[in-house]
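1. Here you go, sequence then predicted model.
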Amino acid sequence: MLYEKRELFKRIEEKMGDIISPFPITPNQWTLLSVLFGLSSMFLIIVANFNWAVLLFLISALCDWLNGIIARKRNIYTKPFRYLDTMADRYVDGMVLFGMLFIPFPTIIFPGYVWVFIALFGSLVTAFAKAAAKEKELIEFEMRRGLVTRPERIILLSVGLLFAQKDTAITLYVLIFLAVMSNFTALQRIWSAIKINKNN
């Protein structure tokens with residue numbers, strides 16, 4: 001959903017590129033920083049330090065945003081970089097959701113760990129639906145659209161974790177929403193790939 005508004009952020013990206021590109025940090029190093037901050041966020045979630053966990057998770061997302069800006073600015077937006085960046089995103093998502101397994105959620109229909117699994121599954125299948133459609137040559141471009149893509153997942157997880165300090169039930173409701181909508185987004189992409197192929 002936010003990806004469709006990407007044009008609105010282009011000016012900000014260009015300015016950030018001008019500011020950050022002189023620093024001697026490569027796009028792959030920004031990617032590594034993203035993973036390290038994500039790992040730190042996971043440990044803080046496990047020990048129930050949720051406010052700091054959110055901060056580090058958002059810094060991880062910032063590093064992930066900056067790596068692409070720098071790669072484009074330096075004209076090194078290569079296939080290996082994009083592959084590494086994509087895999088790093090999956091690791092960060094998985095680490096943060098793994099940390100949430102240790103939150104003492106109440107039971108809402110299912111135990112909390114089931115919703116964590118469904119949210120993780122939806123996150124992975126949403127990304128895989130895009131990759132598989134291209135691999136199987138159903139489409140010639142990357143499907144990035146959908147109701148809950150990675151930017152929305154980052155926002156929802158951050159909001160949910162902010163509430164965890166006071167009320168884990170609210171966090172669980174946010175997680176349930178994420179679990180349902182991420183899987184719905186995966187189905188959106190699957191349907192779009194098949195529909196586009198039928199039209200061809």
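-> Happy to help now that I have it. Remember, predicted model here, so these are calculated numbers, not experimental data.
2. list the contacts for the residue nearest in space to the middle of the chain?
-> Centroid check for the chain by C-alpha atoms, centre = their mean gives residue 150 as the closest residue, at 3.4 Å. If you count contacts by C-beta atoms under 8 Å, 6 or more residues apart in numbering, residue 150 has them with 89, 93, 127. Glycine gets a C-beta too; all of them are placed from N, C-alpha and C.
3. Then residue 25?
-> Neighbour list for residue 25: residue 70 [criterion: C-beta under 8 Å, 6+ apart].
4. That one: what secondary structure?
-> Under DSSP: H, G, I helix; E, B strand; the rest coil, residue 25 falls in the coil class.
5. Pass me the low-pLDDT residue ranges in the chain, would you?
-> 1-13, 17-18, 21, 131-146, 195-200 (pLDDT under 70).
6. Residue for residue, what is the longest helix it has?
-> helix 168-199 (DSSP state H).
7. Distance from it to the middle of the chain?
-> Offset of helix 168-199 from its chain centre (C-alpha atoms, centre = their mean, to the nearest Å): 13 Å.
8. so what does it touch, helix or strand wise?
-> Contacts defined by 3 or more C-beta pairs under 8 Å, 6 or more residues apart in numbering; DSSP states H and E place helix 168-199 against helix 112-135, helix 150-164.
9. Throw those into a markdown table and include distance to residue 80, thanks.
-> Output for the helices and strands packed on helix 168-199, formatted as a markdown table (distance: least, C-beta to C-beta, whole Å):
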| stretch | distance to residue 80 |
| --- | --- |
| helix 112-135 | 15 |
| helix 150-164 | 20 |
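10. Minimum distance to residue 191: which of the ones you listed has it?
-> Smallest distance to residue 191 across the helices and strands packed on helix 168-199 (C-beta to C-beta): 9.5 Å, for helix 112-135.
11. I'd guessed residue 93 sits against residue 119; true?
-> No. Using C-beta atoms under 8 Å as the test, residue 93 is too far from residue 119 to be in contact (9.1 Å).
12. who has more neighbours, those two?
-> Using other C-beta atoms under 10 Å, the more surrounded residue of residue 93 and residue 119 is residue 119, with 27 against 22.
13. Now do the contacts for that one.
-> Counting by C-beta under 8 Å, 6+ apart, residue 119 has contacts 97, 175, 178, 179, 182.
14. Can you tell me the element the first one falls in?
-> Put plainly, it is residue 97. Under the criterion of DSSP states H and E, residue 97 resides in helix 79-100.
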